[in-house]
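> have a look at this fold, sequence not included:
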């Protein structure tokens, strides 16, 4: 059973940034000189603030490096499961010891030690014991953060009836998001899946960077100004993403590489769904979109 989140494709954001830079260079005459926030001339009547004497330039470099590392972490952590896995890897690199939450910790915790445990692979708790800590005395500090965020979550029964020849996925809104920002963006899928390996079930993480889905809106010339201003998001009807038409159209290809590849993905998805139906109660295969299952299988 997949637990999947839709997320923006990092490639599309990067392409938009590169396109914007190219347009700025073209507007500057092609000499590569583009005004940025740091080089923009001051507005008339404004006073330029003098630089602080003696301020080390390494502070700016350190801030930039921290920003880049934070962005890399966010790109690699589109859902709680990937976020916990990445934090776990970092904690192990920093010398933290992993504990079993259900086990007895007596005799395992030492002064000066660093430990952590996970729950459901979507929650992680890390703590450090002070060198002079005495049980029953003193106190502790707690810092909390979210591993999740508002998102479009693929429902366990993800298969919807096609509409106007488009393959759709059934989703639910997770959290209180700014849902109008999800329209007309390249979206992909990530999360946790449970697969059968031999005679046992195994949890695996999956993250597809290729844009697969889109929540479309009407073109501007098909709406009046009044309709655009009055538009309100209906979470049940408006946010159902459409699977990439290119993948659907490739199914009708005769003998071409793309068509054969797409057919193979769907065949894999149907086989996985049928296998799940044999070992589960109910007709599970009718609840899953075979093309999505094929894409997830290829990404594992």
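Looks like it arrived, so ask away. Predicted model, so just to flag it, every value in this text is computed and none were measured.

> tell me the helix or strand right after the longest strand along the chain.
Criterion DSSP state E: the longest strand present in the chain is strand 187-197. Counting by DSSP states H and E, the next helix or strand C-terminal to strand 187-197 is strand 200-207.

> rounded mean pLDDT for that following strand, please.
Averaged across strand 200-207, pLDDT comes to 92.

> which parts of it are buried?
For strand 200-207, a neighbour-count test (16 or more other CB atoms under 10 Å) marks 205-207 as buried. In this view, the C-beta of every residue, glycine as well, is placed from N, C-alpha and C.

> name the helices or strands packed onto it?
Judged by 3 or more CB pairs under 8 Å, 6 or more residues apart in numbering; DSSP states H and E, strand 200-207 is in contact with helix 80-93, strand 187-197, helix 290-299.

> quick one, which of these is packed in tightest?
Mean neighbours per residue, mean count of other CB atoms under 10 Å, is largest over those for helix 290-299, with a mean of 21.

> what packs against that helix?
strand 187-197, strand 200-207, helix 257-279.

> surely residue 201 and residue 193 touch.
No. Using CB atoms under 8 Å as the test, residue 201 is too far from residue 193 to be in contact (10.4 Å).

> what is the burial count for the nearest residue to residue 100 once chain neighbours are set aside?
The shortest distance from residue 100 to any non-neighbouring residue, by CB to CB, 6 or more residues apart in numbering, is to residue 117 (6.8 Å). By the measure other CB atoms under 10 Å, the count of residues near residue 117 is 18.

> so residue 117 sits against residue 98, correct?
Yes. The pair residue 117 / residue 98 is scored as a contact, 6.7 Å apart, by CB under 8 Å.

> point out where the protein drops to low pLDDT.
By pLDDT under 70, the weakly predicted segments of the chain are 1-5, 8-57, 244-291.

> circling back to that earlier point, quick check: bridge partners of the residue nearest to residue 100?
residue 125 (DSSP bridges).

> in contact with it, which residues?
98-101, 124-125 (CB atoms under 8 Å, 6 or more residues apart in numbering).

> ranges for the helices of the stretch 1-150 of the chain?
10-27, 58-76, 80-93 (DSSP state H, counting those that start in this stretch).

> before we move on, the earlier item: so which of the contacts of residue 117 wins on neighbours?
Most surrounded of those: other CB under 10 Å gives residue 124, at 20 neighbours.

> that one against residue 118, yeah?
Yes. Using CB under 8 Å, residue 124 is in contact with residue 118, at 4.9 Å.

> how many neighbouring residues does residue 105 have?
11.

> separation between it and residue 150?
In this structure, residue 105 and residue 150 are 35 Å apart, going by CB to CB, to the nearest Å.

> with residue 63 instead?
Using CB to CB, residue 63 is found at 27 Å from residue 150.

> before we move on, what about residue 229?
For residue 229, the distance to residue 150 (CB to CB) stands at 24 Å.

> who has more neighbours, those two?
A direct count of neighbours by other CB under 10 Å for residue 229 and residue 150 places residue 150 higher, at 14 against 8.

> distance of residue 175 from residue 6?
Residue 175 sits 13 Å away from residue 6, going by CB to CB.

> what is in contact with these two at once?
residue 151.

> of the two, which one has the most company?
When neighbours are counted by other CB under 10 Å, residue 175 and residue 6 differ, and residue 6 comes out ahead with 25 against 10.

> that one reaches residue 152, doesn't it?
Yes. Residue 6 lies in contact with residue 152 (CB under 8 Å); the separation is 4.2 Å.

> alright, calling it a day.
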